[in-house]
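Chemist: any chance you can model this:
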Amino acid sequence: MTHQNLPSRRRLVLGAALLGSAALALTGCGLPLPFGGSSSGGAVGFGDVQKATIQIEAVGTFVDPEQGGYEAAGRGSGFLIDDSGLAVTNNHVVVGAGTLKVWRGGDTTKTLNAKVLASSECYDLAVIKLEGSGYPHLRWRDKPVETALDVYAAGFPLGDPTFTETKGIVSKADTAGKTPWAALDHIIEHDARIRPGNSGGPLVDKDGAVVGVNYAGNDQYDTNLAIHRDEAKQAIAQLAKGKPVLSLGINGTALTDEDGNGLGIWVSSVASGSPADKAGIEGGDLLTKMEGVSLGADGTMSDYCSVLRTHGQDATLSVELFRPADNTYYRGQFNGKPIAAQKTIETATGADSGSSQVASGDFITVKDDSGTVSVQVPAAWKQTQGSPFTDDGGNEYKLLSAAPDINAFLNDWGAPGVSVYASKDAVGKVTPQQIMDGMGSGLAAEGCQSEGASDYDDGVHQGQLAMWSGCGPAKSYALVVSAQAKSGDYVVLVTLQAPKVDDLAAADRILGSFSARF
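Modeler: Have a look, this model is predicted:
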């Protein structure tokens, strides 16, 4: 399921549902509840599913990658799981909200308050606690979830306060589900149609028992997705105790460029007091790397969640991000040293700074012909050459070059561009220092003057970074990184050519995004 096929969170208003189109903002409603107990408590059957289904309004400041930051209210669905007021919904419905309002069963005349107990961005689940007790609630299906099972999607789509249930069947009873805002091992595909606003609502069987938690839909192919009962129950058991699960406290979505290449994880909002909040992450940040792993490369949360599954949410995790609000790159740690702004390449080398359209404009991800090497470059650098290169020693390098004019870049110093070389063959045969020495000799022959070198370590690669100026007739800058993967799997060389100081503004993004996956 591609980012384009699912209702992208870039297209929904609140961190409550999917980001983007204000016309599709989630809305909600609900029924009153007595505070201190009610004879209506207990598990309900199919005929009373409405009584245990809630609509949630989350109010807060959220940041959209296209519209910027604004205070908004968005609504999603949820359902009660016991008579004490515990309810399940989606992470993207509630995380980062300043206030929550809840209505039960479609009655908007009485508003209930609620608080978030814990959440999980990887499972896209959250448990909230409503005030009061004595609530009717849903039970979980105790039989297997099978293909062709009749199911019903309950909730409040498109902000309509009228409760709805749509009927369908299970088309896939258990499959993996990786979307821009979650990474699940077990989901249910069904055709009980859901819409924005159904997020977090229950998928029930003919007896009113819950088989899954709805979280995404595809109008074009009439495919609707629910978090499988078994995966949901395991996470909810911890969330109900106030324990986050696979969570750093972000309301995020993987962003892609026009060609579907991943750019990173966009943070629309952050839960107060969470590891993300303590690290200094803000709504409007684009997370590009975590523990040296490029995030969102496939347009999903998969890599982000894989890092959490590998290290645990309480581990000290390195993070790199770009903050468009101040056009600055940051590095730091979750559960460790808070993020700090990084020097730009031109500042670090003493070059005069100037206004740059390169840094503030759109970036795209480009790949070599084999798909091994990738890097993010300014959108104007869309011409590429990606065929491999073999050195004099017979070592093959995967090679990717990108520029506004690829022929001009490859043949003279007057055009900007970048080349990334990566080789498994060269490991143990040539060191990053030897490569850098060879580059230095070649650049000196072109009239380049050294501006100095420094150690380079981006968490994945380790080596040297060096800058030259006055190269060729155009008196261009040349930035070179020669390094080896810390895993020892490959050596890598990155060369950036910059006729103007402004072209150096692309360097931070390039160095923060290049990768090789052999």
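
Chemist: residues touching the closest residue to residue 403 other than its chain neighbours, list them.
Modeler: Among residues not flanking residue 403 along the chain, residue 417 sits closest, at 2.9 Å (Cβ to Cβ, 6 or more residues apart in numbering). C-betas here are computed from N, CA, C, even on glycine. By Cβ atoms under 8 Å, 6 or more residues apart in numbering, the contact set of residue 417 is 381, 401-404, 406, 409-410, 496-497.

Chemist: and the furthest pair within those?
Modeler: Put simply, by Cβ to Cβ the two of those set farthest apart are 406 and 496, 14.5 Å from each other.

Chemist: tell me where the chain has helices.
Modeler: Per DSSP state H, the chain has helices spanning 91-94, 229-239, 275-279, 302-311, 345-349, 357-360, 406-411, 432-445, 507-511. These are given in chain order.

Chemist: the longest one: which residues count as buried?
Modeler: Read it as helix 432-445. 432, 435-436, 439-440, 443 (16 or more other Cβ atoms under 10 Å).

Chemist: any regions of the stretch 301-450 of the chain where pLDDT drops low?
Modeler: Within the stretch 301-450 of the chain, the segments meeting pLDDT under 70 span 343-361.

Chemist: and with 90 instead?
Modeler: By pLDDT under 90, the weakly predicted segments of the stretch 301-450 of the chain are 324-329, 341-365, 391-393.

Chemist: the stretch 51-200 of the chain too?
Modeler: Low-confidence segments of the stretch 51-200 of the chain (pLDDT under 90): 59-75, 96-97, 108, 158-161, 177-178, 195-197.

Chemist: where along it do the strands fall?
Modeler: Shown for the stretch 51-200 of the chain, the strands assigned by DSSP state E, counting those that start in this stretch span residues 53-64, 68-80, 86-89, 99-104, 112-120, 125-130, 136-137, 150-155, 164-179, 182-190.

Chemist: with distance to residue 41 and mean neighbour count added, can I get these in CSV?
Modeler: Rendered in CSV, the data for the strands of the stretch 51-200 of the chain read as follows (distance: least, Cβ to Cβ, whole Å; neighbours: other Cβ atoms under 10 Å):
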stretch, distance to residue 41, mean neighbour count
strand 53-64, 15, 26
strand 68-80, 10, 23
strand 86-89, 12, 26
strand 99-104, 12, 22
strand 112-120, 15, 20
strand 125-130, 12, 25
strand 136-137, 6, 22
strand 150-155, 19, 24
strand 164-179, 22, 18
strand 182-190, 28, 24
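
Chemist: turn the ones you listed into JSON lines, columns for distance to residue 227.
Modeler: Supplementary listing: these in JSON lines, determined by distance: least, Cβ to Cβ, whole Å:
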{"stretch": "strand 53-64", "distance to residue 227": "16"}
{"stretch": "strand 68-80", "distance to residue 227": "12"}
{"stretch": "strand 86-89", "distance to residue 227": "9"}
{"stretch": "strand 99-104", "distance to residue 227": "20"}
{"stretch": "strand 112-120", "distance to residue 227": "10"}
{"stretch": "strand 125-130", "distance to residue 227": "7"}
{"stretch": "strand 136-137", "distance to residue 227": "18"}
{"stretch": "strand 150-155", "distance to residue 227": "13"}
{"stretch": "strand 164-179", "distance to residue 227": "8"}
{"stretch": "strand 182-190", "distance to residue 227": "6"}
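
Chemist: tell me which of the ones you listed sits nearest to residue 263.
Modeler: Ranking those by proximity to residue 263 (Cβ to Cβ) places strand 53-64 first, at 14.8 Å.

Chemist: elements contacting that closest one?
Modeler: On a contact count with 3 or more Cβ pairs under 8 Å, 6 or more residues apart in numbering; DSSP states H and E, strand 53-64 meets strand 68-80, strand 86-89, helix 91-94, strand 99-104, strand 150-155, strand 262-270.
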